[in-house]
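Enquirer: predicted model follows, preceded by the sequence.
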Amino acid sequence: MPSNKQLRQVVVVGAGVAGTMAAQTLRAEGYDGELTLVGAERYAAYHRPALSKKLLTGEVYRAGIDMAPQNEFEVRALRGVSAVGLDMASRTVQLREGADERTMPFDGLVIASGADVRPWPGGSVPDGVMPLRTVDDCLAIRSKLGRRTRVVVVGGGFIGTEVAASLRSLGLTVTLVSREDALLQSALGEEMGSCWTDLHRRHGVDVHLGVAVESLVGDGHVKAVRLSDGLKLKADLVLFGLGVEPATGWLRGSGIPVDKGVVCDATGAVEGVPGVVAAGDVARWWHPLYQEHLRIEHWDQASRQGVTVARTLLAGPGNAEEYDAVPYFWSDQYDVKLQLVGVPTGHDNVEVVEGSVREGEFVAAYGKNGRTIAVLSTIPGRVNDYRGVIADAAAFPPRLNAKADSTTST
Ligand SMILES: Cc1cc2nc3c(=O)[nH]c(=O)nc-3n(C[C@H](O)[C@H](O)[C@H](O)COP(=O)(O)OP(=O)(O)OC[C@H]3O[C@@H](n4cnc5c(N)ncnc54)[C@H](O)[C@@H]3O)c2cc1C
């Protein structure tokens, strides 16, 4: 039973995985007051990672990506409704549905509005230039694909590389353009990122690195992409993945602290604002292991944070438990499953500790100041064995079952 008996009206803004897990957990753990789940999209929660993978290739149908509710739970689900403002003095959320506006009172608020794609720089674009964030985006892209469609993908991060892999596996002509010197460089570093550059080239993707897009060519519909090195790439479709920004526009002027995401403590409580929590891509939580605020755009993290913030609301001020799980991420490209535990940002060392890059099956560890901060693997499931190594900040390079070393510097 919840110990916070004052909680009678909870509003969850954002019906993605974080918001849905928060709502489900509130009910599953005994909350019996009013519960409203507000979602800007017209759909119930679905598996967003499938958009750049099996939904894009057509291996699964639209209905196949819906998130199965753990249990049927009682919730007022408002779909196609956006939160457009928040007033902390009256503790109300302002909602908009088409031309209609109304306010909704709350005593507990879950901010789970996720992230918005960074738009194409410079404003308007010709037809056939598209981002990928929502199921509608994915279906719109699919409707443009023909057997001979020439696709230029701009952005060498996870979305760009996954989209390139999926479309290449359909046999399309795919060109991938990135400003960096290796694909996935900002996520994995140049050394490991170059493994994915090689992977894409082996599969026939025309990869252009270290170049920017100068302009889009096309009158009405895109016809080509001009690069900063002077090259002009013919294109029937341009898909871009230039990163995302936390969806915090509706919080403007509310007093909620926003600094590259909603600033939260390690329980998901918004710092300095009682009864308000935030989870998922929109939130920047204090991480006890890394001793800094982190905003992590990963499915597993969003799901677990959703569960945690429900518990934080139910526990009430001062009683909530800190969340210190090691972050986990995966990406599927061709027949390779990349899995990563930890946060490699700022690493000063990287070493292959199992297998071989050449064989395609390996485990690589990232180190910082002599400690292991992240582990990357292409051997399915193997990263799980390294979670403890990272949680213990074990000496770098890590040796499994060598916990005794964890406090000894190298
Ligand atoms: C194409 C793609 C592939 C991915 N692949 C992977 C992967 O392989 N592995 C992995 O770990 N992660 C992956 N991710 C990341 C993962 O999907 C996200 O980290 C996760 O979806 C975040 O969940 P969330 O609930 O915080 O936010 P979201 O999923 O963004 O959900 C937030 C919801 O809130 C709604 N919303 C926003 N503002 C408002 C408002 N003002 N009012 C009401 N509703 C609002 C949005 O419309 C959205 O439906 C991928 C993401 C994308 C886009």
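Expert: On my side now, so go ahead. Here the structure is a predicted model, which is why all the values come from computation and not from measurement.

Enquirer: so for the residue nearest the centre of the chain, what's the nearest residue that isn't a sequence neighbour?
Expert: The chain has E297 as the residue nearest its centroid, 3.0 Å off, counting by CA atoms, centre = their mean. Beyond its immediate neighbours in the sequence, the residue positioned closest to E297 (CB to CB, 6 or more residues apart in numbering) is D281, lying 5.0 Å away. Any C-beta I mention is one placed from the backbone N, CA and C, and that applies to glycine too.

Enquirer: now stretch 276-286, how far from the chain's geometric center?
Expert: Here stretch 276-286 is found 13 Å from its chain centre; the criterion is CA atoms, centre = their mean, to the nearest Å.

Enquirer: tell me the average confidence for that stretch?
Expert: Per-residue confidence for stretch 276-286 averages out to 98 on the pLDDT scale.

Enquirer: stretch 323-342 too?
Expert: Averaging the model's pLDDT scores along stretch 323-342 yields 97.

Enquirer: same deal with stretch 8-24?
Expert: 97.

Enquirer: same question for stretch 153-170.
Expert: Per-region confidence: stretch 153-170 scores 98 on mean pLDDT.

Enquirer: residues in contact with that stretch?
Expert: Residues outside stretch 153-170 that contact it (CB atoms under 8 Å, 6 or more residues apart in numbering): 52-53, 56-58, 132, 145, 151, 174-180, 182-187, 196, 200, 203-205, 209, 213, 225, 238-243, 331-334.

Enquirer: near the ligand at all, it?
Expert: Yes: judged by CB under 6 Å from any ligand atom, stretch 153-170 comes into contact with the ligand through I159.

Enquirer: so where do the strands sit in the stretch 301-410 of the chain?
Expert: Here the stretch 301-410 of the chain has its strands, by DSSP state E, counting those that start in this stretch, at 328-333, 336-342, 349-356, 361-368, 371-377.

Enquirer: buried deepest among these, which one?
Expert: Highest mean neighbour count among these (mean count of other CB atoms under 10 Å): strand 371-377, with a mean of 25.

Enquirer: other SSEs contacting that strand?
Expert: Judged by 3 or more CB pairs under 8 Å, 6 or more residues apart in numbering; DSSP states H and E, the packing partners of strand 371-377 are strand 336-342, strand 361-368, helix 387-391.

Enquirer: any idea how far the nearest residue to V270 once chain neighbours are set aside is from the ligand?
Expert: Among residues not flanking V270 along the chain, V276 sits closest, at 4.4 Å (CB to CB, 6+ apart). Note on V276: its distance to the ligand, by CB to the nearest ligand atom, to the nearest Å, is 15 Å.

Enquirer: heads up, I number from 507, so please use that
Expert: Got it, the first residue is 507 from now on, which makes the last one we talked about V782.

Enquirer: my guess is V782 contacts D771, does it?
Expert: No: counting by CB atoms under 8 Å, V782 sits too far from D771 to count as a contact (11.6 Å).

Enquirer: neighbour count for the two, which is higher?
Expert: Neighbours per residue (other CB atoms under 10 Å) separate V782 from D771, with V782 holding more: 26 against 18.

Enquirer: need the pLDDT of S509.
Expert: Predicted confidence (pLDDT) at S509: the value is 71.

Enquirer: where does it sit: helix, strand or coil?
Expert: Classification of S509 using DSSP: H, G, I helix; E, B strand; the rest coil returns coil.

Enquirer: please apply the same query to L532.
Expert: Recorded secondary structure, L532: helix (three-state DSSP).

Enquirer: tally of neighbours for it?
Expert: Burial of L532, expressed as a neighbour count using other CB under 10 Å, amounts to 28.

Enquirer: related to what we said a few turns ago, from the ligand, how far out is the residue nearest to the centre of the chain?
Expert: E803 sits 5 Å away from the ligand when distances are taken as CB to the nearest ligand atom.

Enquirer: what is the neighbour count of E865?
Expert: When neighbours are defined as other CB under 10 Å, E865 has 8 of them.

Enquirer: equivalent analysis for S596, please.
Expert: Around S596 there are 9 residues (other CB under 10 Å).

Enquirer: ok, now the one 3 residues further on?
Expert: Burial of V599 is recorded as 23 neighbouring residues (other CB under 10 Å).

Enquirer: what do you get for the one 3 residues further on?
Expert: For R602, the neighbour count with other CB under 10 Å is 15.

Enquirer: now the residue of the stretch 607-756 of the chain found nearest the ligand, nearest residue through space, not along the chain?
Expert: Taking CB to the nearest ligand atom as the measure, the stretch 607-756 of the chain has G620 as its residue closest to the ligand, at 2.2 Å. Closest residue in space to G620, ignoring its immediate chain neighbours: D787 at 4.5 Å, by CB to CB, 6+ apart.

Enquirer: quick one, what contacts the residue nearest to the centre of the chain?
Expert: If a contact means CB under 8 Å, 6+ apart, then E803 has A621, V750, D787 as its contacts.

Enquirer: which SS state does it fall under?
Expert: E803 carries the three-state label coil when classified by three-state DSSP.
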